[in-house]
Structure formats: C-alpha cells, structure tokens
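> Provided below are the primary sequence and the corresponding predicted coordinates.
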Amino acid sequence: MARPVVSGWPARMKITVVVPVRNEASSIYSLLSGLRQQTRPPDEVIIVDGGSTDATSTIVETEINSTSNLRLIRETKALPGRGRNVGARAAANEWLAFIDAGVAPASDWLEQLERAANAESKPSVVYGSWQPVTDTFFKECAAIAYGYVPSESVDETFIRSRAVFSSLMRREVWEKVSGFSEDLRSAEDLLFIQRIDSAGVHIVYAPKAVVHWSMQPNLWRTFRRFVIYSRHNMRAGLWKHWQASVLMRYFAILLCTAIGFGLTRWWPFVPVVLCLAMLIARALAALLRNRKRYPASAFRNVKRLLVLVPLLATIDAATILGVLAWLVMDGLSLSRSSN
C-alpha cells in the first residue's frame, strides 16, 4: 500500500486508516486488497486485532511482509471501540480514517474523503457514504427492510445514516470527544457520532466516498446480529431511537388482545391478525420508500413482500430478546456491583 508518486497530487495531508478486527478471516483480505487499490493510497494502515481465534492475524502478517506501511497491533478481547482507540493512539498522522472489516471500499473512497477534507471551509470531520451489497435476493430484501434510511441529501445524492466505518477526521476531534466507548459490542459508533455533534466541530459530507456493506445472508444470521445490536443499544442508552417503538407496537397488540378477551370468543386470533397486519403494513411501507432505489415489477415486489414479513418479524423478535438479555445480564451485573 505504499503511496505512488502521482504527478500533480497535492501533498496536503497524511492519513492513517484504522481498522478494528476480530475473527475476520473471511473478509480481511478483501478489505486489505481494497485499500491497496485505492487511487489515493493511505499513508499508514493500522489493523488492531481484538483477539481473533481464526486466521485473521496470519493473513495480516502475510500482507505485512510485502507492505511497508501496514501495521498489526494485537489486543486481548478488545471490542470495536477499544480497537479504534488503540489504533488512533498509535497513528503517526494527523488525519484518521476509520473503516471496518466486512466492508469493501470503492477504489476512490479515500481520495473522495480527502477532497472533501481539503475544502475551503476547513472541516474537521468528513462522513462518506455506504451502500448495501445486494448480491442475493435475501440481501436485497434485507436492504429494503433495514438498510434504507437516508439521513442527508448532498448534491442530490442520499447519504445513508452516518457511519464511522466511512469517515475521516482530525486526530484532535477523536481526542476532544474522548474516543470511543470500549465496553460495547455495538452502538459505540453511534455514541461517538453523538459526541462529535455535541462538540460543535465542522462536519462535511463526501457522498462519492462509498464503502459497500454486506447484509446478513439469512434469517438466522440476521436474528443473531440484531440480538447483539439490541442489547448493546440498550446498554448505550439509545433505546428511544429504536426499541421504544418496537415495544410500543407489541404492547398495543397485547392491550387489544386483553380487551378482546372480554368481548369475543375469537380473542386468541386477535394478536395473530394484528401482528400480521402490522408486519404487512411495515413491509409495504418499506417497499414504497425504496421504490426508486430498488425499482421492480409487481411480481417481484410480491416476492419481496413474502420475505420482508418474516424478516421484519425476525428483527422484532431479536430486538425484544436483546432487551430481555440486557435486563437479565446487565441488570444482574449492576445489581451485584451495587451490593
């Protein structure tokens, strides 16, 4: 990943790319290859291994033998936040770019981030964009179900929800907000972004700085991932942004069931009908929101609907189980520590 001499390239900044990893043997080579093929190569890449038990470290070490600016730092059981903090602390350069294993950067990802950072307004943080990988029908439906949320529109291009795994910032910003939370398996990036917003630093967007994020490939993998997301979202205190609406929907269904218990002998069917109606309505709404991004025939949308309904039900079940896991596991831990 040594930086080539390019005629006319402005030597305005030096950038360290920080990557936290753990058991990413299936994806780390793809990421390293993507960084090696950047039109604006990174000046330094720091991989922080948080305790992999697979071949992740071996793959990185093989790359180090032929790449002078690639470094590997080993940590024991480091969660993503600690991995990023360790990498940022060890970085040799003023500018830090964050990306994750499991995503693939476009060839001009870092170039686009740098161009935005060199704007006359002198920003301190640049958020790139991300796109879901929809190489199977299930992943296409997953992108419609939970990967559709646009948060900004820049130059008529939607920037999906701001993501740390496609960002560039001055080291002083990371220092100013005290880095990432180190005790969360997920949601540490959301807290970090909130701290940046509260710090009042100048933020710009680079919609063409794209990384490609692979959706979960099936219902079981989606369920497991969302249980983790849900539990740690609760730990981060961000439940109002997600779990609150899910719990309210099902509380309303339980309330209607309780009312139906005294009014009709068909009350056992009330929760089934209401749940199904709610899931179908949400699936239709998701299709409507994505009609321009993922255009399709009526027949294909019917097929999507048949996947979206169980997919949304799976995510809701994982969300509720994650809340229960937080209550039991983290609640007990807090109780023991207080005693």
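Looks like it came in fine.
> Backbone torsions only: list them for Leu96.
Main-chain dihedrals, Leu96, degrees, to the nearest 10: phi -120, psi 130.
> can you count the residues close to it?
23 (other Cβ atoms under 10 Å). The C-beta positions use only the backbone N, C-alpha and C, and glycine is treated the same way.
> give the contact list for it.
Leu96 makes contact with Ile15, Thr16, Val18, Ala88, Leu168, Met169, Arg170, Arg171, Trp174, according to Cβ atoms under 8 Å, 6 or more residues apart in numbering.
> Filter those down to the ones in strands?
The members of those that map onto strands under DSSP state E are Ile15, Thr16, Val18, Leu168, Met169, Arg170.
> Could you export the residues you listed to TSV, including columns for neighbour count, pLDDT and distance to Val210?
Shown next, in TSV, are the ones in strands among the contacts of Leu96 (neighbours: other Cβ atoms under 10 Å; pLDDT from 0 to 100; distance: Cβ to Cβ, whole Å):
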residue	neighbour count	pLDDT	distance to Val210
Ile15	22	98	17
Thr16	23	98	20
Val18	27	98	19
Leu168	28	98	13
Met169	26	98	18
Arg170	19	97	22
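> just these now: which is nearest Thr134?
Set against Thr134, the nearest of those by Cβ to Cβ is Leu168 (26.0 Å).
> Mean pLDDT per helix and strand in the protein: which one sits at the bottom?
For the chain, counting by mean pLDDT, DSSP states H and E, strand 150-154 ranks last in confidence among helices and strands (a mean of 48).
> ok, which stretches of the stretch 51-200 of the chain are helices?
For the stretch 51-200 of the chain, the helices defined by DSSP state H, counting those that start in this stretch cover 56-64, 80-90, 109-117, 137-146, 171-176, 188-199.
> Make JSON lines from those helices and add mean pLDDT to it.
Shown next, in JSON lines, are those (pLDDT from 0 to 100):
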{"stretch": "helix 56-64", "mean pLDDT": "93"}
{"stretch": "helix 80-90", "mean pLDDT": "97"}
{"stretch": "helix 109-117", "mean pLDDT": "97"}
{"stretch": "helix 137-146", "mean pLDDT": "95"}
{"stretch": "helix 171-176", "mean pLDDT": "97"}
{"stretch": "helix 188-199", "mean pLDDT": "96"}
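> Spatially central, which residue of the chain would that be?
Centre of the chain computed as the mean C-alpha position; nearest residue by Cα atoms, centre = their mean is Ala163, 6.1 Å away.
> roughly how far apart are that residue and Leu247?
Separation of Ala163 from Leu247 (Cβ to Cβ, to the nearest Å): 26 Å.
> Find me the pLDDT at the spatially closest residue to Arg170 that is not a sequence neighbour, would you?
Closest residue to Arg170 apart from its sequence neighbours, by Cβ to Cβ, 6 or more residues apart in numbering: Ser124 at 4.9 Å. Note for Ser124: predicted pLDDT of 97.
> Please apply the same query to Gly262.
pLDDT, Gly262: 70.
> Run through this structure and note the low-pLDDT ranges.
The model of the chain has pLDDT under 70 over residues 1-12, 148-161, 332-339.
> what about the strands in this structure?
15-21, 44-49, 70-74, 95-98, 103-105, 125-133, 150-154, 157-160, 167-170, 203-214.
> now those strands in CSV, with distance to Ala116?
Listed next are those as CSV, based on distance: least, Cβ to Cβ, whole Å:
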stretch, distance to Ala116
strand 15-21, 12
strand 44-49, 20
strand 70-74, 25
strand 95-98, 12
strand 103-105, 15
strand 125-133, 5
strand 150-154, 10
strand 157-160, 12
strand 167-170, 8
strand 203-214, 4
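> between those, which one is nearest to Ala143?
Once the strands of the chain are compared by Cβ to Cβ, strand 125-133 is nearest, at 3.9 Å.
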